[in-house]
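> sequence unknown, structure follows:
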């Protein structure tokens, strides 16, 4: 085999590997979804429709960023409380701000503080009490539900300050809404956090081989706590954006993100075992899931059928990349 | 006499200690929790020992116990089923809709079949397509609840009901013991039988080490599929109890059984990563959760903080279970 042939082969292999890359795969799925949508409902693949998808996907994208970090950290790490924490954040911001712009900053700080404390609770439960993350964060859902009840008396008051709504819904160049820009900033920050900081390297180290990470001097417990605090802060931010979009809080506004955030992470190519993956995939995963949702709305299927189709598409998406190693390997 | 025939006290203590440490410790924790919640109920709830109260505690715990035993089998095989509550929902709406046209027993058989079929689909997705169990079963939960909505749309006028015989029978007693308590015993017995089958031995093996079991000739794929089928079947049994308890079906009921079933098995000492534990502990864990609920009702806290106390109690129980298992040197 001469050099030219070899180079050709190498390029072919590289191209194939690139096609198998989760981010590329998800992008291809995205294109396919838009194409299919355009056939079913002409105009679905327009630029306006795409920006609309991005605008809503931002909430999932931000919440799923925290989920990505927790899952990357391995040890069966998972955060089922992100949805409820985001809901709590919407309630806090609405109640503290009472819809007034001058109280917005105070409301945001309060929401980050309270939600961060809940993340701290998750982290302590997982790291020090050694409760499996799945049940710890699940138990936390019950606790936060109770806290929201106490905090709001079951009927959250207040609404989104005009400034927050403007920030999230405001139209900028090309009809792109504010939430998309905020998400972009969050995404760049998250990728930097994971790739460019010591914290990020530790997350990957913990996920890849916890024992080795510990032996090389990483404080396991403290870093585990940080993972869950980070996740709760992202969830809080996602909740704030959602409040800006929805206008008013309710006791279950963001609950739906509990499991769909995990789906976004997995579709984006991050393995639930930890250590492999990244935020770019999750972001594309969030867009794919939101596109699917919009498509189902456009297709106007009755509720029962929509749920079934939703589940089936999710399975198809997962089987594209969410698959585990085969046994015979 | 030789020393083997008359074990000294020291030997007995040593045996007891190794028995506890050989994985019995978590179950012992669950039993201790059960005792504590029981005593607390006796002390605080004034009409705890009335026949009505005892009956309703057992009547309410059956759906949870049945689903949690099914979930335990799945978790032992290193899986998890986030759709198990929606399987119970689907099988309950299927059963109740068929009681009128087919009769009770055939309807229940179809209900069982639907539960097993859902489990089969989950099992195929996890074991053959090799999707990660958490997300795969999350996805199928949409399918099952969508199908349930299709079979019995909410707000249907003249929604089908279970025959009164079933509803009455569920609340009655035989030999002074509530029928629901007999059913709980039956669930426990079913586990004891199941535990002695080759399938469950293989489930423990697969849960302990998937690769090693594969290498030693365990049909891992088949075993994993079967755990989900067994889980789905238990979910169908749970759906019968739900139907008997309320008389009618609700296409939205059963959803939160999934998460409670996981809490029950963790409190009962089953390891979430598979291979260790058992449904005996799970049933105790389910009872603990039910008694906590009953305790909370008895305490009559202001309605606003009730949910918070409930959540904190559950975390507390989970933390105790977690602390014990960490004594064994990690999970």
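All right, it came through fine. What you are looking at is a predicted structure, and each value in this text was computed from that prediction instead of being measured.
> Tell me which residue is most central in the chain.
Let's take chain A. By C-alpha atoms, centre = their mean, chain A has its centre lying nearest to residue A:64, at 1.1 Å.
> looking at chain B here, not the other one
Central residue of chain B (C-alpha atoms, centre = their mean): residue B:68, at 1.3 Å.
> Wasn't it part of a helix?
Yes. Judged by DSSP: H, G, I helix; E, B strand; the rest coil, residue B:68 forms part of a helix.
> shouldn't it be in contact with residue B:261?
Yes. Contact criterion C-beta atoms under 8 Å: residue B:68 and residue B:261 qualify, at 4.0 Å. Glycine gets a C-beta too; all of them are placed from N, C-alpha and C.
> got the residue ranges for the strands in the stretch 51-200 of chain B?
B:173-174, B:177-178 (DSSP state E, counting those that start in this stretch).
> Return the most buried member of the ones you listed.
Of all these, strand B:177-178 has the most neighbours on average by mean count of other C-beta atoms under 10 Å in any protein chain shown, namely a mean of 17.
> what helices or strands is the helix or strand containing residue A:235 leaning on?
Secondary structure assignment for residue A:235, by DSSP states H and E: helix A:220-246. Judged by 3 or more C-beta pairs under 8 Å, 6 or more residues apart in numbering or on different chains; DSSP states H and E, helix A:220-246 is in contact with helix A:47-72, helix A:82-97, helix A:104-127, helix A:162-169, helix A:178-196, helix A:198-208, helix A:210-215.
> ok and the fifth one relative to helix A:162-169, angle-wise?
Which is helix A:178-196. 70 degrees (axes from the mean of the first three to the mean of the last three C-alpha atoms, to 10 degrees).
> Identify all contacting residues around helix A:178-196.
A:51, A:54-55, A:57-59, A:61-62, A:65, A:68-69, A:72, A:166-172, A:199-200, A:203-204, A:234, A:237, A:241, A:244-245, A:278-280, A:283 (C-beta atoms under 8 Å, 6 or more residues apart in numbering or on different chains).
> Would you reformat the strands of the stretch 51-200 of chain B as CSV and include distance to chain A and mean pLDDT?
What follows is these, written out as CSV (distance: least, C-beta to the nearest C-beta, whole Å; pLDDT from 0 to 100):
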stretch, distance to chain A, mean pLDDT
strand B:173-174, 33, 78
strand B:177-178, 28, 78
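> could you flag which of the contacts of helix A:178-196 are buried?
A:54-55, A:57-59, A:61-62, A:65, A:68-69, A:72, A:167-169, A:200, A:203-204, A:234, A:237, A:241, A:244-245, A:278-280, A:283 (16 or more other C-beta atoms under 10 Å in any protein chain shown).
> Residue A:244 contacts residue A:170, correct?
No. Between residue A:244 and residue A:170 there is no contact under C-beta under 8 Å: 9.6 Å.
> How about the residues of the stretch 1-150 of chain A by chain B?
Selection of the stretch 1-150 of chain A residues close to chain B by C-beta under 8 Å from any C-beta of the partner chain yields A:76, A:78, A:125, A:129-132, A:134-136, A:138-147, A:149-150.
> got the contact list for the residue lying closest to residue B:152 once chain neighbours are set aside?
Distances taken as C-beta to C-beta, 6 or more residues apart in numbering or on different chains place residue B:93 nearest to residue B:152, at 4.0 Å, with adjacent residues excluded. Going by C-beta under 8 Å, 6+ apart, residue B:93 touches B:148, B:151-152, B:249, B:251.
> Name the member of those that has the highest neighbour count.
Within the contacts of residue B:93, residue B:148 tops the neighbour count with 30 neighbours, counted by other C-beta atoms under 10 Å in any protein chain shown.
> Pop out the phi and psi values for residue B:209.
phi -160, psi 100 (degrees, to the nearest 10).
> any idea of the pLDDT on residue A:93?
pLDDT for residue A:93: 92.
> no no, residue B:21
The predicted local confidence for residue B:21 is 58.
> How about residue B:195?
Residue B:195 is given a pLDDT of 87.
> ok, now residue B:152?
So, for residue B:152, pLDDT stands at 82.
> Quick check: phi and psi at it.
Torsion angles, degrees, to the nearest 10, at residue B:152: phi -140, psi 90.
> I figured it hits residue B:252, correct?
No. Assessed by C-beta under 8 Å, residue B:152 is found out of contact with residue B:252, at 10.3 Å.
> on that earlier part again, list the contacts for the residue nearest to the centre of chain B?
B:260-261, B:264-265, B:268, B:279, B:282-283, B:285-286.
> Chain A next: which of those are close?
Within the contacts of residue B:68, nothing lies near chain A by C-beta under 8 Å from any C-beta.
> Only the buried subset of those, as a PyMOL command please.
Entered in PyMOL, the line below selects the buried ones among the contacts of residue B:68, by 16+ other C-beta under 10 Å:
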select buried, chain B and resi 260+261+264+265+268+279+282+283+285+286
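> tell me the two of the contacts of residue B:68 that are most distant?
B:260 and B:279 (15.0 Å; C-beta to C-beta).
> separation between the closest residue to residue A:171 other than its chain neighbours and residue B:229?
Distances taken as C-beta to C-beta, 6+ apart put residue A:177 closest to residue A:171, at 6.2 Å, once the chain neighbours are dropped. As judged by C-beta to C-beta, to the nearest Å, residue A:177 and residue B:229 stand 47 Å apart.
> One more: residue B:73?
10 Å.
> For those two, indicate the residue with more neighbours.
residue B:73 (30 against 23).
> for chain B, what spans make up the helices?
B:9-19, B:25-44, B:51-76, B:84-102, B:104-123, B:133-151, B:164-171, B:179-195, B:198-208, B:210-215, B:220-246, B:257-267, B:279-299, B:303-327 (DSSP state H).
> now, of these, which is deepest in the fold?
Most buried among the helices of chain B, given mean count of other C-beta under 10 Å as the contact rule, is helix B:257-267, at a mean of 28.
> Which elements pack onto that one?
Using 3+ C-beta pairs under 8 Å, 6+ apart as the contact test, the elements touching helix B:257-267 are helix A:133-152, helix B:51-76, helix B:84-102, helix B:279-299, helix B:303-327.
> Go through the ones you listed and name the closest to residue B:121.
Taking the helices and strands packed on helix B:257-267 one by one with C-beta to C-beta, helix B:84-102 is closest: 9.8 Å.
> Can you give the distance from the closest one to the centre of its chain?
Distance of helix B:84-102 from its chain centroid, counting by C-alpha atoms, centre = their mean, to the nearest Å, is 19 Å.
> Between helix B:104-123 and that helix, find me the angle.
Using the same axes, to 10 degrees, the direction of helix B:84-102 lies 150 degrees away from that of helix B:104-123.
> Tell me what angle helix B:84-102 forms with helix B:164-171.
Helix B:84-102 runs at 140 degrees relative to helix B:164-171, counting by the same axes, to 10 degrees.
> relative to helix B:257-267, how tilted is helix B:84-102?
Computed by the same axes, to 10 degrees, the angle between helix B:84-102 and helix B:257-267 is 130 degrees.
> tell me, how many neighbours does residue A:192 end up with?
Residue A:192: 12 neighbours (other C-beta under 10 Å).
> so where is the chain shaky, pLDDT-wise?
Answering for chain A, as no chain was given. Filtered on pLDDT under 70, chain A yields the residue ranges A:1, A:16-20, A:321-329.
> wait, I meant chain B there
Judged by pLDDT under 70, the stretches of chain B that qualify are B:1-7, B:16-25, B:156-158, B:322-331.
> my guess is residue B:298 contacts residue B:41, does it?
Yes. Between residue B:298 and residue B:41 there is a contact at 6.8 Å, judged by C-beta under 8 Å.
> Find the residues that touch each one of the two.
Shared contacts of residue B:298 and residue B:41, defined by C-beta under 8 Å, 6+ apart, comprise residue B:48.
> of all the helices and strands packed on helix A:220-246, which lies closest to residue B:180?
Nearest to residue B:180 among the helices and strands packed on helix A:220-246 is helix A:82-97 (32.1 Å), distances taken as C-beta to C-beta.
> about what we covered before: figure out which of the strands of the stretch 51-200 of chain B is closest to residue A:212.
Nearest of these to residue A:212, taken as C-beta to C-beta: strand B:177-178 at 54.4 Å.
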